[in-house]
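In: Here is a sequence together with a model predicted from it:
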Amino acid sequence: MLDNNISIKTNNPISDNHLNKPKIKLEEVQPFNVVDPTKVVKPQKQDASNQTGQNLYNYNPDSVFEKFIKSLQNSPVFAESARKLILNRQFINNNIKNDPILSALFKSFLESIEMNDTEILEFIKFQHGTYTKFNGEFFETLRNLLSRTNPNNDDFKTALKNFLRSYDCFVSLEETNKSINSALKNIEENLPQMLKGSFNEMTSKLLLDNAPSMDMNLNILKNEILPFMGRYISKMNDFGTVKDYVSLLIHNMVRLETASKENFAESMETLFEYIKYNFDFNEKDIETLRLSLLNTYEASSNIKNDSIDAFFKLIKSGIKETENLVSKGVMEEMTESLLFSQNVHLPLMHMFIPLNYNGMFMFSELWIGKTYEESSDKKKKQEYVQTYKVFITFDIQSLGYFETTLVLKESKLSLDIYVPNSLSGSIDKIRDDLINILDKNSLSVTNISVQESVKKRRFNEVFSNFIERKIGVDVTI
């Protein structure tokens, strides 16, 4: 037998010194800063009544409405540019009368704004009647039918919406073709020189002045020009001016396709069929409705106004043809202001009057708005009533600047009038004369205020109902 004397020695013998050393505790590091739910503070709710209409919603840099509010503060004032054109003799003598292009147009414009009382009323009626395409007997019938139907009747609303869209594009075919032509020219100007030949070869096939060539134009636009521009933008990463004009081109291509006779006829027949079977219209009623649509279209196509035409012709020539930079700048500001007044976020009707009345020049603007407010009569079942507000400004030669605000609510009219400093000593007499005039015309007024005008106000300072429609889902945290 072997002796039990085998000894085993390790290379790293364990000693008591290692066992007695303090252990190092590793600190657990979390990958993210976890928020303790018990320490989260709930944001305080703000009272909407203490906020202005423009601050009801948090700022969103991608919101079209937010961009509209910003541009509202910086947009040119139409009245300021128009006053230069009508009332500022120094501007007229130095920039208009010395211009070989604008002098003759300006003379025609001054002759066209010589109006009497009847012509002034017709001038205002023309602007009101042509403010949208949806005016006339036919559209009044549609409005009456819409008021009679159930507010939740989506079928009628859908048929009506499709018809209005196709009608708008159908009657605007000429303007759509002009816009397409303009977009193509701007794209060509911003393309590299090496691509202009191929691009012009494709655009030369278009016949935008010929309505029967709509299908051929759409085929060229969709199958040749648009793919060509798509390849250029993707390969060259040109997301600047060219891409903007391509986006505008696509928008007008959609309008051009919607404007086809087949699409218009289909949407019209769908609407008429719905009206026939849901509003108890017989064949004679439908035929009367068709005739009403035809008469409305012809009336809107033939209506013209010499004063408006002369004014727009002067502005257009001042932008495109004159070499006078001062005149060009004023005309561009007026154009921008007029376009801005048609913004979809602006719930107001805008009209203007350049006028030569008995040898005295003046310029006036009218802003008309409608809101719904709570009824002051608690006995009435109707919870809300329509309230109309009208803001009128007029600058009269050698007199000065006037402002008037009219508010009509439940047959109650209130007037706030601001007069220039030259008439500040006659404020009491002006107020008494106004009361007598209103009494003679059997108009009841609850309040009349006449004050001196110390500041020219803009329309957005008078109207505060510019509120974004809340149709989306708020997913912000």
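Out: Ah, there it is.
In: Extract the C-alpha set from stretch 124-138 and format it as PDB.
Out: The C-alpha trace of stretch 124-138 is given here as PDB (Å, rounded to 0.1, in the frame of the first residue of the first chain):
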ATOM      1  CA  ILE A 124     -70.400  96.900 -54.600                       C
ATOM      2  CA  LYS A 125     -73.100  94.500 -55.800                       C
ATOM      3  CA  PHE A 126     -70.700  93.300 -58.500                       C
ATOM      4  CA  GLN A 127     -68.000  92.400 -56.000                       C
ATOM      5  CA  HIS A 128     -70.500  90.700 -53.700                       C
ATOM      6  CA  GLY A 129     -71.900  88.700 -56.600                       C
ATOM      7  CA  THR A 130     -68.600  87.600 -58.000                       C
ATOM      8  CA  TYR A 131     -66.900  86.900 -54.600                       C
ATOM      9  CA  THR A 132     -67.300  83.200 -55.200                       C
ATOM     10  CA  LYS A 133     -68.300  81.000 -58.200                       C
ATOM     11  CA  PHE A 134     -71.300  79.700 -56.200                       C
ATOM     12  CA  ASN A 135     -73.700  82.600 -56.600                       C
ATOM     13  CA  GLY A 136     -77.000  82.700 -58.400                       C
ATOM     14  CA  GLU A 137     -80.400  81.200 -58.400                       C
ATOM     15  CA  PHE A 138     -79.200  77.600 -58.800                       C
END
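In: And it, what's buried?
Out: For stretch 124-138, the neighbour count (16 or more other C-beta atoms under 10 Å) marks 126, 127, 133, 135, 136, 138 as buried. For every residue, glycine as well, the C-beta is placed using N, CA and C.
In: what would those look like in JSON lines with secondary structure?
Out: Formatted as JSON lines, the buried residues of stretch 124-138 follow (DSSP: H, G, I helix; E, B strand; the rest coil):
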{"residue": "126", "secondary structure": "helix"}
{"residue": "127", "secondary structure": "helix"}
{"residue": "133", "secondary structure": "coil"}
{"residue": "135", "secondary structure": "coil"}
{"residue": "136", "secondary structure": "coil"}
{"residue": "138", "secondary structure": "helix"}
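In: Let me know the closest of these to residue 332.
Out: residue 127 (21.8 Å; C-beta to C-beta).
In: returning to that earlier point: widest-spaced pair of the buried residues of stretch 124-138?
Out: The farthest-apart pair in the buried residues of stretch 124-138, when distances are taken by C-beta to C-beta, is 127 and 138, at 20.4 Å.
In: Quick one: neighbours of the closest residue to residue 424 other than its chain neighbours, just the number.
Out: Once flanking residues are discounted, residue 424 sits nearest to residue 452: 4.4 Å by C-beta to C-beta, 6 or more residues apart in numbering. For residue 452, the count of nearby residues is 13 (other C-beta atoms under 10 Å).
In: Throw the buried residues of stretch 124-138 into a markdown table and include pLDDT and distance to residue 109, thanks.
Out: Below are the buried residues of stretch 124-138 laid out as a markdown table (pLDDT from 0 to 100; distance: C-beta to C-beta, whole Å):
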| residue | pLDDT | distance to residue 109 |
| --- | --- | --- |
| 126 | 87 | 16 |
| 127 | 87 | 16 |
| 133 | 80 | 26 |
| 135 | 82 | 26 |
| 136 | 82 | 29 |
| 138 | 90 | 34 |
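In: Reformat those residues as CSV; add distance to residue 358.
Out: Below are those laid out as CSV (distance: C-beta to C-beta, whole Å):
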residue, distance to residue 358
126, 21
127, 22
133, 35
135, 32
136, 34
138, 40
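In: so which of the residues you listed comes closest to residue 192?
Out: For the buried residues of stretch 124-138, the nearest to residue 192 is residue 133 (39.9 Å; C-beta to C-beta).
In: Give me the pLDDT value at residue 383.
Out: Residue 383 is assigned a predicted lDDT (pLDDT) of 62.
In: those helices in the stretch 151-300 of the chain, which residues are they?
Out: Assigned by DSSP state H, counting those that start in this stretch, the helices in the stretch 151-300 of the chain fall at 154-171, 173-190, 193-203, 214-220, 226-236, 241-258, 261-278, 283-302.
In: is it possible to export those to CSV including distance to residue 145, mean pLDDT and mean neighbour count?
Out: Formatted as CSV, the helices of the stretch 151-300 of the chain follow (distance: least, C-beta to C-beta, whole Å; pLDDT from 0 to 100; neighbours: other C-beta atoms under 10 Å):
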stretch, distance to residue 145, mean pLDDT, mean neighbour count
helix 154-171, 8, 90, 17
helix 173-190, 27, 91, 17
helix 193-203, 44, 90, 13
helix 214-220, 31, 89, 15
helix 226-236, 39, 89, 13
helix 241-258, 23, 91, 17
helix 261-278, 7, 91, 16
helix 283-302, 10, 86, 13
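In: Looking at the ones you listed, which is nearest to residue 84?
Out: helix 173-190 (27.9 Å).
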